[in-house]
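K.L.:
what's the 3D shape of this:
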Amino acid sequence: MKYVIIGGDAAGMSAAMQLVRNDAQAEITVLEKGDHYSYAQCGLPYWIGGDIEGEEKLVARDADTYRIKHGIDARTQHEVTSIDVKEKRVAGNHFDLPYDKLLIASGARPFIPDWENKELNGIYTLKTIPDAKKIIERLEGKRRNITVIGGGSIGLEIAENVCKAGHQVRILERFARLAMNFDKEMTDHIHEKAIDEGIQLDLNHDIQGFKSDEEGNVTAVVTNLSECKTDLVIVAVGVRPNTNFLASTGIHLDQNGAIKVNRYMETNVEDVYAAGDCATQYHRLTDKDTYFPLGTHANKQGRIAGLNMCGKPRVFKGIVGTQIYQFFDLALARTGLSSREIEELGFPYKCVQAKLPHVAAYYPTHEPLLIRLQYNEKTGEVLGGQFIGTKGVDKRCDVLATALYHGMTMQDLEELDLGYSPPFNSVWDPLQQTARRRT
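P.N.:
Numbering: from 1, shown residues only. Below is the predicted model:
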């Protein structure tokens, strides 16, 4: 069986390893357009900020490891430009290969809107190791005036890390607040932290373009409200699936270009699968496909795709929208649906919110933990939750994510048997205390 995989990162190599383990006769070829296999994209901001020493720390397995240890034909600098689904062949500028089964795991690319002069020197995106290298080289040896465009998770992580590295930082955001996937009651605390750390926030700024010096280096960002002087710009306004090469294949795509897949990671074309940031993800709470590109989803989808490709059926059970990231000493976490998302779906809902100590209030290490829960007003089913604090955030978010996965109610949350000891928790967990506030 000839397996061809497009993409050598999370989804692609998770699938490849399942093929190695479950099909002794597998002939596996992986086509990666870059030079790096299996690297931690989520660690790139921390490399720029200096918390991670070098790129070798971010690479889990290189191409040679896959070739020598696992017998995979792991190719680099092989960009696929077309697929012939009738003849079952994939092709690029210098290759044309047959396949029996194909996995598209081509990932996503950073998106830059059609702003004027967006090609100037000093304007960057961050998605790959080469992207990070360019930014690091530009920052070396001089304190820069950096503009981060975009106030989502990636924008906040980048802003934090360049700020900690000693640079002057401004965030430009088109909306009225940062972190739009959190409710306003939570984002106010994120704004306060950014300002406390010396980051300038310019909200409601719609980017129009950029200005430059005579040598073509960016010198300012032009918005609907002002002209912001800058030495360097990092754009973090989202990603788009890498699926342009599929235009003539007949493979069904979502409106944003993501490949539509079923629960077995199959596309509508026989023997063609897709997984990761180029594909859709099934959302358990909405019972619909969505686009929520994260490394956790890519690894799961890739593993399931590999199993199904080699005849070991496995269903992708779906996501609940869990996300956590750091912003200075704060942990910001969410899972399920925000109030805005619930309103768009038309569910009857209510919210409860509390600020509580993350462990026993009398224990000397306790820190405040802000919790906000959304639930169905009629059924009591939990719909989502958001968490901000310096300690205990990850634990509560993961407990709630598990509850959402299993369709639990607010009363079910109260009845969970969670660990208690003063250094670790209150006799009633803060999550349970918040749930009780609905009555």
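K.L.:
alpha carbons only for contacts and neighbour counts from here, please
P.N.:
Will do.
K.L.:
Now D62: closest residue in space that isn't a chain neighbour?
P.N.:
Of all residues not flanking D62 in the chain, Y37 sits nearest, at 5.3 Å (Cα to Cα, 6 or more residues apart in numbering).
K.L.:
List the residues that contact the one you found.
P.N.:
By Cα atoms under 8 Å, 6 or more residues apart in numbering, the contact list for Y37 reads G8, D9, V59, A60, R61, D62, A63.
K.L.:
Please identify the helix or strand for it.
P.N.:
Under DSSP states H and E, no helix or strand contains Y37.
K.L.:
Quick one, which of the contacts of Y37 are buried?
P.N.:
Neighbour counting with 16 or more other Cα atoms under 10 Å marks G8, D9, D62, A63 as buried within the contacts of Y37.
K.L.:
In TSV, list those residues along with secondary structure and distance to N308.
P.N.:
Output for the buried ones among the contacts of Y37, formatted as TSV (DSSP: H, G, I helix; E, B strand; the rest coil; distance: Cα to Cα, whole Å):
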residue	secondary structure	distance to N308
G8	coil	19
D9	coil	19
D62	coil	25
A63	helix	24
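K.L.:
Which single one of these is nearest to D114?
P.N.:
Distance to D114, by Cα to Cα, is smallest for D9 among the buried ones among the contacts of Y37, at 28.3 Å.
K.L.:
excluding its backbone neighbours, what's nearest that closest one?
P.N.:
Ranked by Cα to Cα, 6+ apart and with sequence neighbours excluded, the top spatial neighbour of D9 is S38, at 4.3 Å.
K.L.:
tell me the phi and psi of the one you found?
P.N.:
When read as degrees, to the nearest 10, the backbone of S38 gives phi 40, psi 60.
K.L.:
tell me the contacts of it?
P.N.:
For S38, the contacting residues are G8, D9, A10, M13, V59, A60, R61, D62, by Cα under 8 Å, 6+ apart.
K.L.:
mind giving me a markdown table with the contacts of Y37 and columns for pLDDT?
P.N.:
Formatted as a markdown table, the contacts of Y37 follow (pLDDT from 0 to 100):
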| residue | pLDDT |
| --- | --- |
| G8 | 98 |
| D9 | 97 |
| V59 | 96 |
| A60 | 94 |
| R61 | 96 |
| D62 | 96 |
| A63 | 97 |
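K.L.:
who's in contact with the residue positioned nearest the centre of the chain?
P.N.:
Per Cα atoms, centre = their mean, the C-alpha nearest to the average position across the chain is that of L294, at 3.5 Å. Residues near L294 by Cα under 8 Å, 6+ apart: G276, D277.
K.L.:
quick one, domains of this protein?
P.N.:
2-36+58-109+239-309, 112-235, 323-436 (automatic domain parsing).
K.L.:
Adding distance to G49, write the ones you listed out as CSV.
P.N.:
As requested, these are exported to CSV (distance: least, Cα to Cα, whole Å):
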stretch, distance to G49
domain 2-36+58-109+239-309, 14
domain 112-235, 4
domain 323-436, 12
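K.L.:
between the ones you listed, which one is nearest to K317?
P.N.:
Comparison of the domains of the chain against K317 by Cα to Cα identifies domain 2-36+58-109+239-309 as nearest, at 7.3 Å.
K.L.:
Distance of the residue nearest to the centre of the chain relative to L246?
P.N.:
Going from L294 to L246 by Cα to Cα, to the nearest Å gives 22 Å.
K.L.:
Over to L345?
P.N.:
Taking Cα to Cα as the measure, L345 falls 31 Å from L246.
K.L.:
These two: who's more crowded?
P.N.:
The neighbour comparison of L345 against L246 (other Cα atoms under 10 Å) goes to L246, with 19 against 11.
K.L.:
ok now do the more buried one, which residues does it touch?
P.N.:
When contacts are counted by Cα under 8 Å, 6+ apart, L246 touches S82, I83.
K.L.:
Give me the phi and psi for it.
P.N.:
Main-chain dihedrals, L246, degrees, to the nearest 10: phi -100, psi 10.
K.L.:
Also the one 10 residues further on?
P.N.:
Here the main-chain torsion angles of N256 (degrees, to the nearest 10) amount to phi -90, psi 0.
K.L.:
Please enumerate the strands of the stretch 51-200 of the chain.
P.N.:
All strands of the stretch 51-200 of the chain, identified by DSSP state E, counting those that start in this stretch, fall at 73-75, 82-84, 89-92, 95-98, 101-104, 108-110, 123-124, 145-149, 168-172, 200-202.
K.L.:
Switch those over to JSON lines; also include mean pLDDT.
P.N.:
Listed next are those as JSON lines, based on pLDDT from 0 to 100:
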{"stretch": "strand 73-75", "mean pLDDT": "98"}
{"stretch": "strand 82-84", "mean pLDDT": "98"}
{"stretch": "strand 89-92", "mean pLDDT": "98"}
{"stretch": "strand 95-98", "mean pLDDT": "98"}
{"stretch": "strand 101-104", "mean pLDDT": "98"}
{"stretch": "strand 108-110", "mean pLDDT": "97"}
{"stretch": "strand 123-124", "mean pLDDT": "98"}
{"stretch": "strand 145-149", "mean pLDDT": "98"}
{"stretch": "strand 168-172", "mean pLDDT": "98"}
{"stretch": "strand 200-202", "mean pLDDT": "98"}
